[in-house]
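Novice: Give me coordinates for this.
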Amino acid sequence: MSSREDETLARAAVAALTRQLELTPKPGLPDPRDLGARVTRQDHRALRWSAKALMPGLAAMAACARRNGAPTPELRAELGAIGRCTEHSVQLAGGGHRGATWVLGLLVAAAAMEPGARGLELAATAKKIAAHPDRRAPRRPSRGSSVSAKYGAAGARGEARAGFPHVRRALDVLSKARTAGTPEPDARLDALLTVMSTLQDTELLYTAGPHGLRHVQAGARGVIEAGGATSEAGRAALTAFDTDLQGRGWSPRGSGSLLAGALFVDALPLTSGVPA
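Specialist: The predicted structure follows:
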């Protein structure tokens, strides 16, 4: 794999994140309605702009993984250092994509290390990378790690170390929905809701506590059980769920990052630029 292919992977990852941002209506998450920084407090235009700041870091992660060639502790440490620099660049550009940096960074590194890996194989490679501790990480606990320790939630690290089970679930939903002829935006919404229905989102635990997390999971399941985004009843449930989360000011951001990861994996193989 060449440096050009590293850049192609990075562009594909940012394109996947952009596709996630463009999806609407996303309960509690920024979408094109957020032109004036709706309840999510994140202007959609600013998020699209700051997503571009991920590009250099993701390309560097791909190059690093390609150069190392194996999921070693040294690779994990290098990826962590690149990730922290990337997060700083994204913050300077407007912020808003911390979870996506972790998810997409690991998946991009896995794709660079194993160019032929797809789906489960790619997740398995990412799992091997994430299994190692980040030896250069700051000693102070992050908000996510503190919440994980308090409530016993898997968190972002646990999700990666388990081989991204929610990315795999989202991919399964996308595949089945397309086979059934579901329009692509609705398939992606159903994939998002599926992730939301079971994910132990540490951001939600921090802002809303265990009761809030259970409320969001139940709301997502309710939309799916009503028929999902394609049915009239499911759309009504989705609208009510979205209104509810807007009113409460709860944002299941971890689900958005994992959907972006699924859309990136779904876009592979990359043969002639970034898929639409």
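Novice: make it CA atoms for all contacts and neighbour counts henceforth
Specialist: Noted.
Novice: by contact count, what packs against the strand or helix carrying Leu193?
Specialist: For Leu193, the host element (DSSP states H and E) is helix 184-198. Of the remaining helices and strands, those touching helix 184-198 by 3 or more CA pairs under 8 Å, 6 or more residues apart in numbering; DSSP states H and E are helix 165-179, helix 202-225, helix 253-267.
Novice: right, and these - which one's nearest Ser2?
Specialist: Of all the helices and strands packed on helix 184-198, helix 253-267 sits nearest to Ser2, with 19.1 Å by CA to CA.
Novice: what's the most buried one of the helices and strands packed on helix 184-198?
Specialist: Each of those was assessed for mean neighbour count using mean count of other CA atoms under 10 Å. The highest is helix 253-267, with a mean of 26.
Novice: ok so, going back, wait, which of the helices and strands packed on helix 184-198 is closest to Glu232?
Specialist: helix 202-225 (10.6 Å).
Novice: Tally up the residues packed near Gln200, please.
Specialist: For Gln200, the count of nearby residues is 26 (other CA atoms under 10 Å).
Novice: Mind telling me what element it is part of?
Specialist: Taking DSSP H and E as the definition, one finds Gln200 inside no helix or strand.
Novice: out of everything not next to it in sequence, what's closest to it?
Specialist: Excluding the flanking residues, the one nearest Gln200 by CA to CA, 6 or more residues apart in numbering is Ala153, at 5.9 Å.
Novice: next one: Leu47
Specialist: Taking CA to CA, 6+ apart, and ignoring the residues beside it in sequence, Leu47 has Gly96 as its nearest neighbour in space, at 6.3 Å.
Novice: same deal with Arg188?
Specialist: Leu174 (6.5 Å).
Novice: Could you check the pLDDT of that neighbour?
Specialist: In this prediction, Leu174 carries a pLDDT score of 97.
Novice: in terms of contact, does it touch Leu189 like I think?
Specialist: No. Taking contact to mean CA atoms under 8 Å, the distance of 9.3 Å between Leu174 and Leu189 leaves them out of contact.
Novice: any idea of the mean pLDDT in stretch 180-193?
Specialist: The average of the pLDDT scores along stretch 180-193 is 97.
Novice: ah, wrong one, I meant stretch 146-153
Specialist: 83.
Novice: Can you dump the C-alpha atoms of it in PDB for me?
Specialist: These are the backbone C-alpha positions of stretch 146-153, laid out as PDB (Å, rounded to 0.1, in the frame of the first residue of the first chain):
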ATOM      1  CA  SER A 146     -14.200   7.500  34.600                       C
ATOM      2  CA  VAL A 147     -17.800   6.900  33.600                       C
ATOM      3  CA  SER A 148     -16.800   3.300  32.500                       C
ATOM      4  CA  ALA A 149     -15.200   2.600  35.800                       C
ATOM      5  CA  LYS A 150     -18.200   4.100  37.800                       C
ATOM      6  CA  TYR A 151     -20.900   2.200  35.900                       C
ATOM      7  CA  GLY A 152     -19.100  -0.800  34.500                       C
ATOM      8  CA  ALA A 153     -19.900   0.200  31.000                       C
END
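Novice: Tally up the residues packed near the residue nearest to Leu47, please.
Specialist: 20.
Novice: which residue packs closest to Glu78, ignoring adjacent ones?
Specialist: By the measure of CA to CA, 6+ apart, the closest residue to Glu78 outside its immediate chain neighbours is Cys64, 7.5 Å from it.
Novice: so which helix or strand takes in the one you found?
Specialist: Assigned by DSSP H and E, Cys64 belongs to helix 55-68.
Novice: before we move on, what about Thr243?
Specialist: Assigned by DSSP H and E, Thr243 belongs to helix 232-248.
Novice: What are the buried residues along that helix?
Specialist: In terms of neighbour count (16 or more other CA atoms under 10 Å), helix 232-248 has its buried residues at 233-235, 237-239, 241-242, 244-246.
Novice: quick one: which of those residues is nearest to Ala262?
Specialist: Lowest distance from Ala262 to these (CA to CA) belongs to Leu238, with 21.1 Å.
Novice: and the closest one, what does it touch?
Specialist: Leu238 sits next to 27, 223, 228-229 when contact means CA atoms under 8 Å, 6 or more residues apart in numbering.
Novice: what's around Gly144, how many residues?
Specialist: Taking other CA under 10 Å as the criterion, the count of residues near Gly144 is 19.
Novice: Perfect, I'm done here.
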